[in-house]
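A.B. asks: Dropping a prediction and its sequence here:
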Amino acid sequence: MSCFDFLRGAFGAGLGVAVACVSLPVSADTPVAVTFAPNSVWAQEIGSLDRSNKSVDYTVAGVAGKTFKLNLLTRSPNVQLKVKDQNRRKAVLDSQKTGETTWTTVNPADTTYTIQVYIDPAAVPSGETVKYALQIGQYGVEDFQAPATAVTFEPGEPWAVQSWILGADATSQNFTVAIAAGMTVKVNLISNNAQVHFKVDDQTHGKPLVDTATSGAKTWSQSVGAATTYRIQVYVDPAAVASGQKAQFTLQVGQYASGDARPEKLASASSAASPAGSVVPESGH
């Protein structure tokens, strides 16, 4: 199960068990502000409804470009869900009309959603309480990516080599490298999979520099006028690894004085089969 499907299957264990963020009892007239714990893309609120308290409102901030997902879990078919986009002043879901208790959208802009969990009081027998769990997820592409790996050089060694494996669960890997002024930076990518490419961004100046899916090359270099930190992202077309395939690659990063005539590190296809995450500093001699 993907982490982005969260805990829908856990409902059978009982709503009385807290498996995520659980709300404390509040007045039905007071909206509950939903927040996400650090490094978490999901929040969960557990509540109950009865004849006297027929609805509970929640508010949550939606971030532009991120996927926003709701799951309403309950044993009662009478518990329903309404969602309103406050910024657009538009109702976007009423599960009583659609019959769906899960909803997903991509936020077109920053917004605030009001989510109301409600029940028809006539559907609740006198003295009974109906429990529910509301799961709220919000995530973007960056939430699928592992933290960037810092590329460093051994003393006197102009080349550093990183070997990794990409797959459906991790279609990209980021690297950062700091290059001093007056040096040349060079990047070589070696892979037997033609759908593996790399991008380079100048993080210091906030500027994209190259995408080899567009350039068609598997190598790139630049003379560095001022000290710069580069981000290198190696990525694979998700369609190329959709059926469980793996895409191995080796990334060679070189730095040497501009105008240095030393031979450039050459790539061999066999080097792409090194263990994922291995780091091999090598000399250009």
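C.D. replies: Good, I have the coordinates.
A.B. asks: Which pLDDT does the model give Phe175?
C.D. replies: Listed pLDDT for Phe175 reads 97.
A.B. asks: Leu266 now?
C.D. replies: On the pLDDT scale, Leu266 gets 57.
A.B. asks: all helices of the stretch 101-250 of the chain, in order?
C.D. replies: 212-215 (DSSP state H, counting those that start in this stretch).
A.B. asks: what sits against Gln203?
C.D. replies: By C-beta atoms under 8 Å, 6 or more residues apart in numbering, the contact list for Gln203 reads 176, 228-231. For every residue, glycine as well, the C-beta is placed using N, CA and C.
A.B. asks: what's the closest of the residues you listed to Tyr58?
C.D. replies: Arg231 (36.7 Å; C-beta to C-beta).
A.B. asks: Compute the number of surrounding residues for the nearest residue to the closest one once chain neighbours are set aside.
C.D. replies: Using C-beta to C-beta, 6 or more residues apart in numbering and skipping residues adjacent in sequence, the residue nearest Arg231 is Asp201, 4.6 Å away. By other C-beta atoms under 10 Å, the residues close to Asp201 number 19.
A.B. asks: beta partners for Asp201?
C.D. replies: Pro208, Arg231 (DSSP bridges).
A.B. asks: residue contacts, Val241?
C.D. replies: 166-168, 171, 247.
A.B. asks: Using pLDDT, spot the least trustworthy of those residues.
C.D. replies: The minimum pLDDT among those falls on Ala168, with 82.
A.B. asks: Can you tell me how far the nearest residue in space to it that is not next to it in sequence is from Asn192?
C.D. replies: Closest residue in space to Ala168, ignoring its immediate chain neighbours: Val241 at 4.9 Å, by C-beta to C-beta, 6+ apart. Val241 sits 13 Å away from Asn192, going by C-beta to C-beta, to the nearest Å.
A.B. asks: again with Leu93
C.D. replies: 46 Å.
A.B. asks: same check, this time on Trp220
C.D. replies: For Trp220, the distance to Asn192 - C-beta to C-beta - is 20 Å.
A.B. asks: Have a look at the two and say which one is more surrounded.
C.D. replies: Per other C-beta under 10 Å, whichever of Trp220 and Asn192 has more neighbours is Trp220, with 19 against 12.
A.B. asks: Please list all residues in contact with that one.
C.D. replies: With C-beta under 8 Å, 6+ apart, Trp220 has these contacts: 186-187, 198, 200, 209-210, 212.
A.B. asks: Likewise for Arg88?
C.D. replies: Contacts of Arg88 (C-beta under 8 Å, 6+ apart): Thr111.
A.B. asks: Which pLDDT value goes with it?
C.D. replies: On pLDDT, Arg88 comes in at 90.
A.B. asks: what do you get for Ser27?
C.D. replies: For Ser27, the pLDDT comes out at 46.
A.B. asks: cool, Pro147 as well?
C.D. replies: Here, the pLDDT recorded for Pro147 equals 79.
A.B. asks: what does Ile115 give?
C.D. replies: 98.
A.B. asks: which non-adjacent residue is nearest it?
C.D. replies: Ile115's closest residue in space is Tyr58 (C-beta to C-beta, 6+ apart), at 4.4 Å.
A.B. asks: do Lys66 as well
C.D. replies: Gly140 (4.3 Å).
A.B. asks: now do Ser76
C.D. replies: Val130 (4.6 Å).
A.B. asks: what stretches of this structure score poorly on pLDDT?
C.D. replies: 1-29, 144-146, 261-285 (pLDDT under 70).
A.B. asks: follow-up on the earlier one: could you count how many residues lie near the residue nearest to Ile115?
C.D. replies: With other C-beta under 10 Å as criterion, Tyr58 counts 22.
A.B. asks: ok, now Ala150?
C.D. replies: Ala150 has 10 neighbouring residues, counting by other C-beta under 10 Å.
A.B. asks: give the contact list for the closest residue to it other than its chain neighbours.
C.D. replies: Leaving aside its chain neighbours, Ala150 sits nearest to Thr176 (5.4 Å; criterion: C-beta to C-beta, 6+ apart). By C-beta under 8 Å, 6+ apart, the contact set of Thr176 is 148-151, 203, 229-232.
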